[in-house]
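K.L.:
Sequence first, then the predicted structure, then my questions.
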Amino acid sequence: MPSYELSDCEASHREYPRSFSIPRSELRRALEPGWLVKLVFVLPEPIDGCDAERMWVEVLRPDGSGGFVGRLDNQPYYLKDVNLNDEVAFAPCHVAAIDNTDERRLAPLVGVGVDVLRHDQWPAWVAKVEPTSEYDSGWRIFSEREGLDGATVRALSTSTLFRAWAVTDSAIDVGWNGIFHWDEATCEYVRAGALPDPLDAAANGGLGKLHPRAPDPELGAVVTKRALEQPPLAAQRLPPSKGHDDDSGWCVFVGDESQDYLDDPDNSTVVPLARLLHDYPYIERVLGETKLAMWVWEDERADWKLVPGSTQRPKSKKPKPAKKQPPAKKQPAAKKQPPAKKQPPAKKQPPAKKQPAAKKQPPAKKQPPAKKQPPAKKRR
């Protein structure tokens, strides 16, 4: 028996459907020889803080009972009783990802309904339509509510979509087509016949206004702590701090913070843009702007709006890092002092002369007794 166990990825997906995405069950049950699948090998006990190894396995054949036999395509780092090219038996529930060797790349943009993009509603509808440009992948994402009331579409990069809603990659791929609807019972996207009527026009209406490409998500931005707890609706781009190559120049806040709040450096922190894109994907549409100005989100236009003349740097937004002090100059070593001369021993003092004893004082004379006073006369 091998020392490892294969993780049940279906169970993990049910527990964390938004962030732990796995391929749809129809794909995991129809694997073909030559495809690569990612499996999670759980260690008998954690080693150096690691409790599992994720490795690729090449599918060889079905096992006749609904599972598969594959060949390990990686050399384990921690596991010692399994090696590269060893056969591994697994079931569809163990598959965390699939690589079917399709080398075509997905176009960089998808169209997302504002209800999902800005208001964080679950992406219930995923549909492939005819792309409108070379940048358009043709994929559209909508909420359940938008399926009833219609939607406004805004462009978003596929990378940010998958960062914020990893679950959507189980329905979106370069080689797939069709319409998918989220099924709560099975906790996955299942094929649907058509989009609801209110979504048809929005899905086929293009991507709308495009936005500049966002900078490297590993760059940092100064964010108020309130903006880490509720959606930020204001962003200001300032010159990046000199000597800080990881500074994007962006300051992000809710928009109603007082000046006293902004002036207190304890009320802001630096976070990577990747975190903002994960929590608030709509902020991608402003991060590519290059003007040194303030931008605010307007729900009426479902997009960011430039606020003219707002280039003044907030006092507390980008605290300057403390300058490094030059190393202190070495002081010359102190000269050795010659040893102190020995002092001659002190001369002995002659003993003090005895003082004569004090003379005895004569006893005090006795005073005569006080005379008796006559009694006071009585008043009439």
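P.N.:
Great, that's in hand.

K.L.:
how close does the closest residue to Gly138 other than its chain neighbours sit to Leu109?
P.N.:
Excluding the flanking residues, the one nearest Gly138 by Cβ to Cβ, 6 or more residues apart in numbering is Pro131, at 4.0 Å. C-beta coordinates here come from the backbone N, C-alpha and C atoms, glycine included. When distance is defined by Cβ to Cβ, to the nearest Å, Pro131 is 9 Å away from Leu109.

K.L.:
One more: Cys93?
P.N.:
33 Å.

K.L.:
more neighbours, the two?
P.N.:
Leu109 (23 against 18; other Cβ atoms under 10 Å).

K.L.:
Span of stretch 187-206 from start to end?
P.N.:
Counting by Cα to Cα, to the nearest Å, you get 29 Å between the two ends of stretch 187-206.

K.L.:
for stretch 58-73, same thing?
P.N.:
Using Cα to Cα, the two ends of stretch 58-73 sit 6 Å apart.

K.L.:
Stretch 8-27 too?
P.N.:
16 Å.

K.L.:
contacting residues around it?
P.N.:
Outside of stretch 8-27, the residues within contact range by Cβ atoms under 8 Å, 6 or more residues apart in numbering are 28, 40, 92-98, 165-171, 186-190.

K.L.:
Check which helix or strand Thr186 maps to.
P.N.:
Under DSSP states H and E, no helix or strand contains Thr186.

K.L.:
Would you mind measuring from it to Glu10?
P.N.:
Counting by Cβ to Cβ, the gap from Thr186 to Glu10 is 10 Å.

K.L.:
The strand or helix carrying Val126 packs against which elements?
P.N.:
Per DSSP H and E: Val126 is located in strand 123-128. The contact analysis (3 or more Cβ pairs under 8 Å, 6 or more residues apart in numbering; DSSP states H and E) places strand 123-128 against strand 136-143, helix 144-149, strand 179-183, helix 197-203.

K.L.:
Turn the ones you listed into CSV, including mean pLDDT and mean neighbour count.
P.N.:
Conversion of the helices and strands packed on strand 123-128 to CSV gives the following (pLDDT from 0 to 100; neighbours: other Cβ atoms under 10 Å):
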stretch, mean pLDDT, mean neighbour count
strand 136-143, 97, 24
helix 144-149, 96, 16
strand 179-183, 97, 18
helix 197-203, 95, 17
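
K.L.:
returning to what we had before: distance from the chain centre to the strand holding Val126, please.
P.N.:
27 Å (Cα atoms, centre = their mean, to the nearest Å).

K.L.:
Can you list the strands that that strand pairs with?
P.N.:
Applying DSSP bridges, strand 123-128 is found paired with strand 136-143 (antiparallel), strand 179-183 (antiparallel).

K.L.:
All the helices of the stretch 51-200 of the chain, residue numbers only.
P.N.:
Per DSSP state H, counting those that start in this stretch, the stretch 51-200 of the chain carries helices over the ranges 114-117, 144-149, 158-164, 197-203.

K.L.:
now for those helices, which one comes closest to Leu287?
P.N.:
If you check each of those against Leu287 by Cβ to Cβ, helix 158-164 wins as the nearest, at 9.8 Å.

K.L.:
so how far is the closest one off the chain centroid?
P.N.:
Distance, centroid of helix 158-164 to centroid of chain: 15 Å (Cα atoms, centre = their mean).

K.L.:
do stretch 158-178 as well
P.N.:
21 Å.

K.L.:
Distance across it, terminal residue to terminal residue?
P.N.:
18 Å.

K.L.:
For Pro240, give its distance to Val271.
P.N.:
Distance from Pro240 to Val271, by Cβ to Cβ: 16 Å.

K.L.:
what does Leu262 give?
P.N.:
For Leu262, the distance to Val271 - Cβ to Cβ - is 17 Å.

K.L.:
Show the buried residues in the contacts of stretch 8-27.
P.N.:
With neighbours counted by 16 or more other Cβ atoms under 10 Å, those contain buried members at 28, 40, 92-98, 165-171, 188-189.

K.L.:
quick one on the thing from earlier: what residues does the residue nearest to Gly138 make contact with?
P.N.:
Here Pro131 is in contact with 107, 137-138 (Cβ under 8 Å, 6+ apart).

K.L.:
Just the closest of the residues you listed to Leu292, please.
P.N.:
Ala107 (31.4 Å).

K.L.:
Would you confirm that the closest one contacts Thr132?
P.N.:
No - when contacts are counted by Cβ atoms under 8 Å, Ala107 is not listed as touching Thr132 (10.4 Å).

K.L.:
Ala151 contacts Ile141, correct?
P.N.:
No - the pair Ala151 / Ile141 is not scored as a contact, 9.4 Å apart, by Cβ under 8 Å.

K.L.:
Overlap in contacts, those two.
P.N.:
Gly113.

K.L.:
Now intersect the buried ones among the contacts of stretch 8-27 with the strands, please.
P.N.:
40, 95-98, 188-189 (DSSP state E).
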